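>>> Take this sequence and fold it.
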Amino acid sequence: MMTDSGSRDAAPDLEILGDTVTLHPSGYVDPPRQAGREDKERNLVEHMARFRSNPLEFLREVSLHVSGTGWRAYDHFIGQPIFYPGFSDNMTAAVLSTPILQKRITELAEKRIAIEEAEGLLNKKDAGYEAKRNQRRGVLVHDLEELAEKMTGDMICKMESRPFIRSAYYFCTQLLTRAYHQGIHVSSEEVLRIRSVAEEAEKRKQSIIFLPCHRSHVDYVSLQLICYRLGLALPTVVAGDNLNFPVVGSFLQHAGAMWIRRSFGDDVLYTTLVQSYIDTLLQGGFNFECFIEGGRSRTGKLLPPKFGILNFILDSVLSGRVEDTIICPVSTQYDKVVETEGYVTELLGMPKKKENLADFLSASSVLSLKLGRVDVRFHEPWSLKQFIQEQKTRTTGIPKELDMTSINDPATRQKLLRTMGYKVLSDINAVSVVMPTALIGTVLLTLRGRGVGKAELIRRVEWLCERIKSKGGRVAHFGNAPTSVVIQRGLEVLGKDLVGEVQGLPEPTYFAVDRFQLSFYRNMTIHLFITEALVSASMYSRVKRGGDRQNQRITYDELRNQVLFLSQLFRGEFIYPTEGLSTNLDNTLQSFEKDRIVDLVRDTDGNITAVDLADVERAAGRENFDFYCFLIWPFVEAFWLGAVACMGFTPPLNFSGDGWLDVKKCQDSAQLLGKTLYHQGDLSYFEAVNKETLKNAWTRLEEEGVLEVAKSRNAKIPPRCRLSPAWSPKRDRERGILPEGRLWDFTERMALSRREGKNRRDGATVSTRVLRLTDTIGEGLYRAVEGEMGMSEEDKAWVKKRQRRAALGARAHL
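Model (predicted):
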């Protein structure tokens, strides 16, 4: 039986059925129905009537929504008024009249006049020059204002019809409850808290900025439905204009979407326009929503924060144009994400398909699936102004004597922005709920064997639940349902395409069918155990040697150095506890000692000098130690693969060019190398060829100086890269790339923590066969650029500019 020892401290779930509010245990999921209780157990968004099964009830529900009966009227929501005729026109006028936009338009007009004067189109010696200049200036200003008005109309949300919103709510609820048949779950405590914050914000005319994680297109639908159903003003949602296609784009814009370009480029007018719109929303106290990760996570774990919209929000407060605003991080978790199959094809290198109406309508097949439930959790909201003031008083390099409007130093603002972004991610992780599918996926992908029996699966899931709770994480609570029932439910949601069952055995035995797709669910738990995973992978550099305890013992200094190396390597991949390397390492070792995973060797002063794997852990088959290693091994493999691929970028001996290669072709070559090494047995995890993880490895190598990347100002010229001369290995005519030098040593340092495999027990395998394959793929890249012109001076300048920008970023440590 699954129990929840911490249920007394957990907030109960909120269930709403009509006008009745019922509380259930945290993360409540319907157990098997019991007699007399059929009408008491429902979800936040109830399963609505279907026309075919109950046409009269279906028509009654439609009538209630159209007429706006009871809570459906949405007349008394908490927040600023947004549903009235002319709202969009008023918003457009307010945006166009902002001082920063008017100033920008004037500057652009003046710059254009200066160009025309330089080209001789306006002559200062002509009679009536001032009049002509003023006239021309007026024409330019008028044209720019018209352009700004058009762009504003295309961009802003147009929530001005309450009947439309009521209809949209009903339509979206119908769709969502078909796919997620157990509805949306929220915490009652968090709902009461967010309503209280919203009431105070309404009085002060302050906005609540919702910053959710982003795993699915369902994210913004679920949050809008929650706000509507619980009586909160709907937020304006930042959305990429790739979703602004016919019919759907207009629907979303009238339901709250704000369209922005995926890239602003050098368009200063558009950039100022977006800032003006955000200023106007925050000055008016309108709720706002944007995704902290930018795009959807294809890997299941949080992506590094994107700072574009955050920068606009921060600038609004730092400039004094907005007094303050409320930040509310939001976690959205799913039993199963609709888009995971599409994610897999993208991560394996297939181009992302452009959104269109046909694909949107084809999603109707998904709506017949049983995908479980959606869990939405709200972190305690916090004041952005107070956050900025707190950062100024900390020893973060921000001068204490500065007031907010004087924080103009780029490095200081960048550090403040990064701190804010990673705080939001940490807050999201803190309130996330681990779903049954994530528990099952994690167990199946951290096993040494091919599969697992049902009894062992139950034991490991219960063990994992206890480990998550001990780390301060949240596990969905299942009422009185036995663990076996919960697991069976999770297996049904995952489906036979992800988890298979071996037939004809004495005990049901399950195995991972699609490890790549199942890794999406395993990655939902790794943030809870990142310090344990790093320490275990670092210890593995000695444990893999085998032999007696003395042979596998690792000194504290050696362990600390490897943990530091790995934590720096993955600093853009994971979010670490903020206490610092030494504290986190010691806390993890003491926790391991308490759990009898390791034995700590101490000197007479009580300082740790060495670490051994405990006899109890050895007797248990290293199941705990291996669990933590299995969590991080795919990422170690991916980053190792990225570094090995870079070895192939070493220019051939007879190559006469400057060594600059197409970035996309280089990244594709790394995936091709990874697929080849996996099928030849030199790579243990197919997840290592994951495009997103390889991109993160690429970014890390660029930050380290291994790679130099240049972008042209001409959008038609693709970005290019080359191996830094300081990191480039040597080669000779007979052996090709030599296994020595700075990059080789860097790669070997990662290899210390790689999972040992039958094809890798001899390090010569990598230094010979793998390097030859890498060289072969690299030669193909160089043949493709033979005869092409070298990089321009403008492009070369980008290398130095990007390196300076990377240097501004604060380094996150374990």
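
>>> Distance of residue 254 relative to residue 158?
In this view, residue 254 and residue 158 are 5 Å apart by C-beta to C-beta, to the nearest Å. No exception for glycine: its C-beta is placed from N, CA and C like everyone else's.

>>> gap between residue 108 and residue 267?
In terms of C-beta to C-beta, residue 108 sits 11 Å off from residue 267.

>>> quick one: which of those two has more around it?
residue 108 (16 against 13; other C-beta atoms under 10 Å).

>>> and the more buried one, what pLDDT?
What the model reports for residue 108 is a pLDDT of 93.

>>> try residue 5
On the pLDDT scale, residue 5 is placed at 39.

>>> Count the neighbours of residue 473 for me.
19.

>>> Contacts only, for it.
Contacts here follow C-beta atoms under 8 Å, 6 or more residues apart in numbering; on that basis residue 473 touches 432, 434, 525, 528.

>>> Look up phi and psi at it.
phi -80, psi 170 (degrees, to the nearest 10).

>>> Please renumber the chain so that the first residue is 49 from this point on.
All set: I'll call the first residue 49, so the last point we hit is now residue 521.

>>> mind checking how far it is from residue 426?
Residue 521 is 17 Å from residue 426, by C-beta to C-beta.

>>> for residue 463, same thing?
Where residue 426 is concerned, residue 463 sits at a distance of 27 Å (C-beta to C-beta).

>>> Backbone dihedrals for residue 468, please?
Taking degrees, to the nearest 10 as the convention, residue 468 sits at phi -60, psi -50.

>>> My guess is it contacts residue 461. True?
No. Residue 468 lies out of contact with residue 461 (C-beta atoms under 8 Å); the separation is 10.5 Å.

>>> what about these two, which has more around it?
residue 468 (22 against 17).

>>> Now do the contacts for that one.
With C-beta under 8 Å, 6+ apart, residue 468 has these contacts: 358, 362, 432, 435.

>>> which strand of this structure spans the most residues?
The residue-count maximum for a strand in the chain (DSSP state E) belongs to strand 374-382.

>>> Against which helices or strands is that strand packed?
helix 236-252, strand 256-260, helix 266-277, strand 422-426, strand 430-431, helix 432-441, helix 458-479, strand 481-482 (3 or more C-beta pairs under 8 Å, 6 or more residues apart in numbering; DSSP states H and E).

>>> tilt between the first one and helix 266-277?
This means helix 236-252. Interaxial angle, helix 236-252 versus helix 266-277 (axes from the mean of the first three to the mean of the last three C-alpha atoms, to 10 degrees): 70 degrees.

>>> now do the fourth one
With the same axes, to 10 degrees defining the directions, strand 422-426 sits at 70 degrees from helix 266-277.

>>> rewinding a little: would you format the contacts of residue 521 as TSV with pLDDT included?
Conversion of the contacts of residue 521 to TSV gives the following (pLDDT from 0 to 100):
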residue	pLDDT
480	92
482	92
573	92
576	93
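
>>> Make TSV out of the residues you listed and add distance to residue 337 and neighbour count.
Shown next, in TSV, are those (distance: C-beta to C-beta, whole Å; neighbours: other C-beta atoms under 10 Å):
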residue	distance to residue 337	neighbour count
480	18	23
482	24	23
573	26	26
576	26	23
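
>>> Closest to residue 782 out of those residues?
Distance ranking of these against residue 782, using C-beta to C-beta, places residue 573 first at 48.5 Å.

>>> And that closest one, how far from residue 154?
Taking C-beta to C-beta, one finds residue 573 at 54 Å from residue 154.

>>> What of residue 262?
From residue 262 to residue 154 the distance is 37 Å (C-beta to C-beta).

>>> same deal with residue 546?
From residue 546 to residue 154 the distance is 58 Å (C-beta to C-beta).

>>> quick one, which of those two is more surrounded?
residue 546 (24 against 14).

>>> Which residues are in contact with the more buried one?
489, 560-562, 565-566.

>>> Which of those fall within strands?
Reading strands off the contacts of residue 546 with DSSP E, I get residue 560.

>>> ok, which pair from the contacts of residue 546 is furthest apart?
Greatest spatial distance in these: 489 and 561, 11.7 Å, computed using C-beta to C-beta.

>>> Flag the shaky bits of the stretch 99-248 of the chain, pLDDT-wise.
99-121 (pLDDT under 70).

>>> For it, which segments are assigned as helices?
103-115, 135-144, 147-166, 177-203, 210-227, 236-252 (DSSP state H, counting those that start in this stretch).

>>> Domain ranges for this structure, per the record?
135-203, 237-290+308-480, 482-572, 680-856 (automatic domain parsing).

>>> who wins for proximity to residue 218 among those domains?
Taking the domains of the chain one by one with C-beta to C-beta, domain 237-290+308-480 is closest: 10.1 Å.

>>> what's the straight distance from one end of that closest one to the other?
This stretch, domain 237-290+308-480, spans 15 Å end to end (C-alpha to C-alpha, to the nearest Å).

>>> sorry, back to before: with only the CA atoms kept, save the helix or strand that the longest strand of the chain is followed by in PDB.
Sequence order places helix 388-395 as the next helix or strand after strand 374-382, per DSSP states H and E. Output of helix 388-395 as PDB, limited to C-alpha atoms (Å, rounded to 0.1, in the frame of the first residue of the first chain):
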ATOM      1  CA  THR A 388       6.300  13.300 -26.900                       C
ATOM      2  CA  GLU A 389       6.300  11.200 -30.100                       C
ATOM      3  CA  GLY A 390       6.900  14.400 -32.100                       C
ATOM      4  CA  TYR A 391       9.600  15.400 -29.700                       C
ATOM      5  CA  VAL A 392      11.500  12.200 -30.300                       C
ATOM      6  CA  THR A 393      11.700  12.800 -34.100                       C
ATOM      7  CA  GLU A 394      12.900  16.300 -33.500                       C
ATOM      8  CA  LEU A 395      15.500  15.200 -31.000                       C
END
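
>>> ok, and for helix 388-395, which residues are buried?
The neighbour-count check on helix 388-395 (16 or more other C-beta atoms under 10 Å) flags 388, 390-392, 394-395 as buried.

>>> same question for that helix, mean pLDDT?
Here the average pLDDT along helix 388-395 is 74.

>>> Residue 660: which element?
Short version, using DSSP H and E: residue 660 is in strand 656-661.

>>> Can you name the residues in contact with that strand?
Under the criterion C-beta under 8 Å, 6+ apart, residues 587, 591, 597, 600-604, 607, 634, 637, 645-651, 670, 673 lie in contact with strand 656-661.

>>> Quick one: distance of that strand to the chain centre.
36 Å (C-alpha atoms, centre = their mean, to the nearest Å).

>>> what's the following helix or strand after that strand?
helix 663-667.

>>> Contacts for that next one, please.
Against helix 663-667 from outside (C-beta under 8 Å, 6+ apart): 644-647, 672-673.

>>> Please point out which parts of it sit buried.
Neighbour-count burial for helix 663-667 [16+ other C-beta under 10 Å]: residue 665.

>>> what residue ranges in the stretch 649-798 of the chain are flagged as low confidence?
Where the stretch 649-798 of the chain drops to pLDDT under 70, the residues are 761-763.
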